[in-house]
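Undergrad: Any chance you can model this:
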Amino acid sequence: MAIGESKHQEISSGLIRLHILHHAVEGELYGHWMIEELARHGYRMSPGTLYPMLHALERKGYLKSRTKGVGRRARRLYRATKKGRDALAFAKDRVRELFGELIEGR
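TA: Now for the predicted structure:
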C-alpha cells in the first residue's frame with residue numbers, strides 16, 4: 001500500500017474492494033491486472049494481499065471465478081455475481097451521499 005495507507009489499512013481495504021467490484025461488474029478481471037489497475041490509483045498491493053481478498057469476495061458470493069487455460073498458463077478470471085452488482089449499486093449511492101458531505105459541503 002502507498003505511504004500513509006498502512007495506518008489506514010481498514011479504510012483502504014474497503015476502497016480497494018469497491019475498485020474490485022467496479023471492474024468485476026464491467027467484465028472479467030484477473031489478479032495481476034487488478035494489481036496494476038490499483039497501482040494506477042495509488043494503491044500498492046502484493047499478490048499475498050490481493051488474492052485472499054478476491055477469494056474472500058468469492059466465498060461471500062460477490063464474485064465468481066473460472067479458470068482459463070491449463071498448467072502454468074492457467075489464469076483465474078473473476079466476475080461480479082448479482083449480489084456483487086447489487087452491492088456495488090448500493091455502495092455507489094452511499095459514496096455519492098458521502099461525497100456530497102465531504103467535498104461539496106452539503
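Undergrad: right, and the secondary structure at residue 10 would be what?
TA: Going by DSSP: H, G, I helix; E, B strand; the rest coil, the secondary structure assigned to residue 10 is helix.
Undergrad: Number of residues surrounding it?
TA: Each residue near residue 10 was counted by other CB atoms under 10 Å, and the total is 7. The way it works is simple: take the backbone N, C-alpha and C, and place the C-beta from them, glycine included.
Undergrad: Please report the distance of it from residue 67.
TA: In this structure, residue 10 and residue 67 are separated by 31 Å, where distance is defined by CB to CB, to the nearest Å.
Undergrad: One more: residue 11?
TA: Relative to residue 67, residue 11 is positioned 33 Å away (criterion: CB to CB).
Undergrad: what's the lengthiest helix in the chain packed up against?
TA: In the chain, with assignment by DSSP state H, the single longest helix is helix 82-102. For helix 82-102, the packing partners by 3 or more CB pairs under 8 Å, 6 or more residues apart in numbering; DSSP states H and E come out as helix 9-26.
Undergrad: Just after the helix it packs on, pick out the following helix or strand.
TA: As assigned by DSSP states H and E, the chain's next helix or strand after helix 9-26 is helix 31-40.
Undergrad: Nearest the middle, which residue of the protein would you pick?
TA: In the chain, the C-alpha nearest the mean C-alpha coordinate belongs to residue 20, at 1.9 Å (CA atoms, centre = their mean).
Undergrad: ok, residues contacting the helix or strand hosting residue 48?
TA: Secondary structure assigned from DSSP H and E places residue 48 in helix 47-59. Taking CB atoms under 8 Å, 6 or more residues apart in numbering as the criterion, the residues outside helix 47-59 that touch it are 1, 13, 16-17, 20-21, 31-32, 34-35, 38, 63-65, 78, 84.
Undergrad: For these, which PyMOL command selects only the ones that are buried?
TA: Here the buried members of the contacts of helix 47-59 are turned into a PyMOL selection, burial being counted by 16 or more other CB atoms under 10 Å:
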select buried, resi 1+16+17+20+21+31+34+35+38+63+64+65+78+84
